[in-house]
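In: Turn this into a model:
(one chain, ligands or ions: 1)
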Amino acid sequence: MDNIKPDLFFRDLFEQTGDLIHILNMEGQIITANPSWLFHLGYSNEEVKLLPIYDFIKTEHHELYRNNRKEVTKGYQVEEIEFEMIAKDGHSILVKGQISMLDNKKDLPYTRAVLRDITAQKKIEQQNEVAKQRLSKFLRHAPDAVIVINEKQIIEEWNLKAELLFGYAYSEALGMPLSELIIPHRYREAHVQGMGRFISTGIGPVLNKTIEISALNKSGHEFPVSLSISNVKIEDKWTFVAFIADITERKELEALANQKETELMQSQLLDEQKTNFLTIASHELKTPLTAIKGYTQLAYNLTKNDQDSIILPFLAKIDEQTNKLSHLIAELMDLSKIETGKLSIHKQPVEFDKFLQETIESLRQGVKHHPIVITASAKVTLAIDAARIEQVVNNLVNNAEKYSEKESAIEISSYIKEHFLIVQVRDKGIGLAKENFETIFDRFFRVKEITNHVNGFGIGLFICSEIIKQHDGHIWVQSELGEGSTFSFSLPILNENEVAAGNNKV
Ligand code: ADP
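Out: As a prediction, the model looks like this:
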């Protein structure tokens, strides 16, 4: 090893290195170039020998190279320079390196250049720059406020939305500590401590998740924001990117929704309490009423043979009023059943024309001042809860009686239409305005004009519509003010034979 000449090492280095080395005489001609130089530029040693180096340097860089070399030949220390060389096939190579000179009086002076091919590196740098600019453009126009801060929480990026949201222009925000700009005073210390803790321990509980917090704008107004912070390590230093969105509107909507929910819950609770009260009250009322009715009957029976008795008409009045009261209590009980989902329907096959006849017959005993006429009656057997449908017919006929002049006729008809039996109750009474056609079936609805002089609760039609609904039918009204009303309801006919039975006039 020891007997290898140092020369050999240098030659070996000259030949094996990846750097491009050329040696020029004082006229700037190439004395020699190393294999890497020749390889990169695509020449052989013979092809370049004694050619001016400028033949291989891009024209616009001649001056740079020449000046630099001049400095070197004057004995000055020079910085590295970057310039482009042209290869034999015409493509350019970007190189970076230093020119130096040897002038030891013993040999002929020469200059040398040791260069690195930085074409690929430069390309990557340029691509990075483009990507950086593109990203910066994206961030600038992002829909959320985007703020980039460094480890010392100094603002490095501040996009348009951040300008808009916080009121600070880009130039005002850049270089400022984040906490002094947008963090409310009471959170500043915690923020600074949190940053410090993350830098020293790597623990950052708010990183990479979305939190809701208050922020401060330039005019000192505090408002709610959603904040997501991501962290990246670039060249051994942490960078934090904060995405911030104003959630004032959402918060207001949430508060409104919460308030509405609370109100709803309160009204549901109230409704429940009211229904409970209704159930208990109607039951409690029923018991004494049954007793009153029973004793009235007893008193009537005991006195009915006494022609001179003056209490008989009073007893009849008591009986009539208790009937009204028990009807009212029955309605209240039905209402509470509907509200608790306990109104049960038990369907049985019923010959409808017979059923209708019987129902009207018993109604005639109570409705003394109006002729009740059946104008058409369909012969059909239906599966219905006869007691409940009777209740509907009674209600409609009683209303017809209640809302029309004495002696005016009440007409009942039933006919088949498609797969439904339609039942109609027609009166020649006060009628209804069109705007009430739908609401009339709502709970507690009463037409304003009549509330003062006709007794009622406004629940009869609501109960009717619930009963009909439970039979998969429909109830509706046609009417004209002053002309009378026709209340109709439909009941589905499921059996084809029943439909074929047709519609018979009575
Ligand atoms: P109520 O008769 O006890 O008030 P209903 O639920 O039976 O309760 O009726 C609701 C409202 O519909 C009545 O208050 C009345 O204004 C109106 N109405 C019902 N039937 C008729 C009718 N045949 N003619 C005119 N208005 C009626």
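
In: List the buried residues for stretch 355-372?
Out: 355, 356, 359, 360, 363, 367, 370, 372 (16 or more other C-beta atoms under 10 Å). For the C-beta atoms, the positions are set from N, CA and C on the backbone; glycine is no exception.

In: Between the residues you listed, which sits nearest residue 311?
Out: residue 367 (26.4 Å; C-beta to C-beta).

In: contacting residues around that closest one?
Out: 397, 398, 401, 410 (C-beta atoms under 8 Å, 6 or more residues apart in numbering).

In: Can you tell me which of the buried residues of stretch 355-372 end up in strands?
Out: Mapping the buried residues of stretch 355-372 onto strands (DSSP state E) picks out residue 372.

In: Need the buried residues of stretch 355-372 in a markdown table (columns: distance to residue 243 and pLDDT).
Out: Shown next, in a markdown table, are the buried residues of stretch 355-372 (distance: C-beta to C-beta, whole Å; pLDDT from 0 to 100):
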| residue | distance to residue 243 | pLDDT |
| --- | --- | --- |
| 355 | 72 | 96 |
| 356 | 73 | 96 |
| 359 | 73 | 96 |
| 360 | 76 | 96 |
| 363 | 74 | 93 |
| 367 | 76 | 90 |
| 370 | 77 | 95 |
| 372 | 77 | 96 |
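
In: Any chance of a markdown table for the buried residues of stretch 355-372, columns distance to residue 143?
Out: A markdown table is the format used below for the buried residues of stretch 355-372 (distance: C-beta to C-beta, whole Å):
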| residue | distance to residue 143 |
| --- | --- |
| 355 | 69 |
| 356 | 69 |
| 359 | 69 |
| 360 | 72 |
| 363 | 71 |
| 367 | 72 |
| 370 | 72 |
| 372 | 72 |
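
In: and the buried residues of stretch 355-372, which of them are in helices?
Out: Of those, the ones assigned to helices by DSSP state H are 355, 356, 359, 360, 363.

In: In space, what's closest to the fourth one - neighbours in sequence excluded?
Out: By that I understand residue 360. Excluding its sequence neighbours, the residue lying closest to residue 360 (C-beta to C-beta, 6 or more residues apart in numbering) is residue 372, at 5.6 Å.

In: Which strand residues bridge that neighbour?
Out: residue 410 (DSSP bridges).

In: Tell me the one among the buried residues of stretch 355-372 nearest to the ligand.
Out: residue 370 (11.6 Å; C-beta to the nearest ligand atom).

In: give me every residue that touches the residue of the stretch 1-150 of the chain found nearest the ligand.
Out: Closest to the ligand within the stretch 1-150 of the chain is residue 143: 54.9 Å, counting by C-beta to the nearest ligand atom. Contacts for residue 143 (C-beta under 8 Å, 6+ apart) come out as 161, 245.

In: hmm, who's touching stretch 164-171?
Out: Taking C-beta under 8 Å, 6+ apart as the rule, stretch 164-171 contacts 145, 158, 162-163, 173, 176, 181-182, 215-219, 225, 244, 246.

In: at 7 Å what do you get?
Out: Here stretch 164-171 makes contact (C-beta atoms under 7 Å, 6 or more residues apart in numbering) with 145, 158, 163, 181, 182, 217, 218, 219, 244, 246.

In: Ends of that stretch, what's the gap?
Out: Terminal residues of stretch 164-171 are spaced 13 Å apart (C-alpha to C-alpha, to the nearest Å).

In: Buried residues in that stretch, which are they?
Out: For stretch 164-171, by 16+ other C-beta under 10 Å, it's 165, 166, 167, 168.

In: roughly how far is that stretch from the heart of the chain?
Out: Relative to its chain's centre, stretch 164-171 lies at 29 Å (C-alpha atoms, centre = their mean, to the nearest Å).

In: and that stretch, average pLDDT?
Out: In this model, stretch 164-171 has a mean pLDDT of 96.

In: any residue of stretch 404-421 up close to the ligand?
Out: No. Stretch 404-421 does not reach the ligand (C-beta under 6 Å from any ligand atom); its nearest approach is 6.9 Å.

In: and that stretch, which residues are buried?
Out: So stretch 404-421, judged by 16+ other C-beta under 10 Å, has buried residues 404, 410, 411, 412, 413, 414, 415, 416, 420, 421.

In: how far away is the fourth one from residue 487?
Out: To residue 487, residue 412 is 10 Å away according to C-beta to C-beta, to the nearest Å.

In: In this structure residue 483 contacts residue 430, no?
Out: No. At 9.1 Å, residue 483 does not count as touching residue 430 under the criterion of C-beta atoms under 7 Å.

In: Which one of these two is surrounded by more residues?
Out: residue 430 (19 against 12; other C-beta atoms under 10 Å).

In: Just give me the neighbour total for the nearest residue to that one once chain neighbours are set aside.
Out: Of all residues not flanking residue 430 in the chain, residue 403 sits nearest, at 5.2 Å (C-beta to C-beta, 6+ apart). Neighbour count for residue 403, taken as other C-beta under 10 Å: 18.

In: follow-up on the earlier one: who wins for neighbours among the contacts of stretch 164-171?
Out: residue 158 (27 neighbours).

In: who's in contact with that one?
Out: By C-beta under 7 Å, 6+ apart, the neighbours of residue 158 are 147, 170, 173, 174.
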